[in-house]
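Peer 1: Using only what follows, build the 3D model:
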Amino acid sequence: VVGPGGQGKTRLATQLVSELASRGWIAGLVQENPDEATLEALSGLKVPAALVLDYAETRPDLLARLYRAISVPDISVRLLLLARTAGDWRDSAAADHETLAWLPDSPVRNLAALEPTARGRTDAWRQAVTALARNLQHLPGMDGHDWLVHAATVLDRVPDWLSATAAEVPMLGIHMDALAALLTTAEPTLTGASAADTLLLHERRYWRRGAIVRGLVLDDVTAADAVAATTLWTADTEAEALAVVAEIRGLRDLPEDRRSAAVHWLAGLYPAEGRFWGTLQPDRLGEHHVARILAGRPELLSAPIRAASQGQAEHALTVLTRAALDHPHLNQHIRAAVLAAPSTFGPAAVTSALQSAAPSPLLEALAALLEAPVSDDETAVRLLRALHGAVPSATHILRQLAVQIAINLTASCRRLAETNPEAYLPDLALSLQELSSRLGAVGQHEEALAAGQEALNKYRYLAETSLDAYLPERAKSLNNLSNR
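Peer 2: Residues are numbered from 1 along each chain as shown. Presented below is the predicted three-dimensional model:
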């Protein structure tokens, strides 16, 4: 099931899990990072099971592990994948994992807006106002207001955009607006420029209360930066979290014990299974917060870049790309990140592009990276090899980029082989073979044939000098030329 953020995919899955569990099924959402013992336990299933994997496009390795585990029982097992897009990530996952060969042909259901009409949106908004008001009465810290009276006031002011817009509106957007309207009526001084901004103003109180419990006295700017950092930079371990905090103004100069208190404060705000800290939820609110903070303080992205791991880079680019749909100014930050740390953020951009419903900013950043000057050909080869290895053999959105990577890689290898053939001729032969395959994939058959023939010639020469070492590569090259 695919659809944009806030459309209701997780809510739909939660309802499905609830109904199946009431019928005796084992049903639930898969954890963020289950251990092997948990997965192995699935082999002992005795009753039907339904498992939901959320954010499936960003978790192909876990999907492969999960599928291997559920393939063992004789009992019926159903697997529901939730993703924002059904794009190239499925082909990439199938190419990387033999057990996922079924994935590219699996049925896909696009989750449309629940309320596509103006009347339906208005009714949903009214229902949300009433339901939220009833529940706000019981929320600690919010029980000082007569929320039912506020709800009556809000219901007299139905926003015009509910009937004016022709675009699909995610249900989460309707609910956020309803909550913001209630909060604004109760406390007019805490009103932002948008519903999301209003919710963030109120969320600050939660951040402050959590900080005080940890003995931290933080201004609103520092707290907002810290929460944006946790959303932008994932942290699997306390060490990674401390490295991120060390780059945040207002936290980096604290004594060691206070920095430790700060990371545990952040970990407690939005817990996540399998990670040291989670992200501001829901995703749309977290993405809005990151975009808002980076507009004024871009160093929150630029400072930790060079120390970021591959996983952190992929997470950051995924968050930025999703947020860029509503905040185009983030496109420049995506490009800057890829150019600033190409060895980490270049391959991460390839992976994120395969998973994204709108990969244009990532593709533009990668194109800029291929045009950027490199200090020397050896550095270029290392980077281009990493980029080429990240692009799957079967891809649509990245196939032209893959050709350019292969062209640049071959050019750098050729220059190195001219000065030191003994060391770099094998690299040139391999790059020519890869170029031949990439050219063939985009229909440039004559060029592909020429590159394949040159690759074979190089391997023939290498096999003559060292038969045992290069005979297999010569055979592969012959097979490639036959295909061409």
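Peer 1: hey, C-alpha coordinates of the helix or strand of the chain with the lowest mean pLDDT in PDB?
Peer 2: Sorting the helices and strands of the chain by mean pLDDT, DSSP states H and E puts helix 161-164 at the bottom, at a mean of 84. Taking Å, rounded to 0.1, in the frame of the first residue of the first chain, the C-alpha atoms of helix 161-164 are listed here in PDB:
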ATOM      1  CA  TRP A 161      -9.400  26.000   2.400                       C
ATOM      2  CA  LEU A 162     -11.400  22.800   3.000                       C
ATOM      3  CA  SER A 163     -13.800  23.700   0.200                       C
ATOM      4  CA  ALA A 164     -11.500  25.800  -1.900                       C
END
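Peer 1: Give me the residue at the spatial middle of this protein.
Peer 2: Centroid-nearest residue in the chain, with C-alpha atoms, centre = their mean: Thr318, separated by 3.4 Å.
Peer 1: circling back: what is the least confident helix or strand of the chain packed up against?
Peer 2: In terms of contacts (3 or more C-beta pairs under 8 Å, 6 or more residues apart in numbering; DSSP states H and E), helix 161-164 is packed against helix 118-136. For the C-beta atoms, the positions are set from N, CA and C on the backbone; glycine is no exception.
Peer 1: contacting residues around the helix it packs on?
Peer 2: With contacts defined as C-beta atoms under 8 Å, 6 or more residues apart in numbering, helix 118-136 is touched by 114-115, 142, 145, 147-148, 150-151, 154-155, 158-159, 162-164, 169, 171, 174-175, 177-179, 181-182.
Peer 1: Of these, just the buried ones, ChimeraX syntax please.
Peer 2: To isolate the buried members of the contacts of helix 118-136 in ChimeraX, using 16 or more other C-beta atoms under 10 Å:
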select :114,115,142,145,147,150,151,154,159,162,169,171,174,175,177,178,179,181,182
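Peer 1: Could you give the number of residues near Gln281?
Peer 2: The number of residues packed near Gln281 is 12, by other C-beta atoms under 10 Å.
Peer 1: quick one: contacts for it?
Peer 2: Residues near Gln281 by C-beta under 8 Å, 6+ apart: Tyr270.
Peer 1: likewise the one 5 residues further on?
Peer 2: Under the criterion of C-beta under 8 Å, 6+ apart, the contact list for Gly286 reads Thr231, Thr279, Leu280, Val319.
Peer 1: can you count the residues close to the residue lying closest to the second one once chain neighbours are set aside?
Peer 2: So that's Thr279. Nearest non-adjacent residue to Thr279, counting by C-beta to C-beta, 6 or more residues apart in numbering: Thr231, 4.3 Å away. Here the number of neighbours of Thr231 (other C-beta under 10 Å) works out to 26.
Peer 1: Could you list the low-pLDDT ranges of the chain?
Peer 2: Applying pLDDT under 70 to the chain flags residues 165-167, 467.
Peer 1: 80 instead?
Peer 2: Within the chain, the ranges that satisfy pLDDT under 80 run 73, 141, 143, 164-168, 394, 467-468.
Peer 1: Help me confirm that the residue nearest to Thr279 comes into contact with Ala291.
Peer 2: No. Applying C-beta atoms under 8 Å as the test, Thr231 and Ala291 come out as separate, 10.4 Å apart.
Peer 1: list the contacts for the nearest residue to Val245 once chain neighbours are set aside?
Peer 2: For Val245, ignoring the flanking residues on the chain, the nearest one in space by C-beta to C-beta, 6+ apart is Leu251 at 5.0 Å. By C-beta under 8 Å, 6+ apart, Leu251 lies in contact with Leu218, Thr222, Ala226, Val245, Arg259, Ala262.
Peer 1: Same question for Thr58.
Peer 2: Residues in contact with Thr58 (C-beta under 8 Å, 6+ apart) are Glu314, Thr318, Gln355.
Peer 1: show me the contacts for the second one.
Peer 2: So that's Thr318. Neighbouring residues of Thr318 by C-beta under 8 Å, 6+ apart: Thr58, Ser352, Gln355, Ser356.
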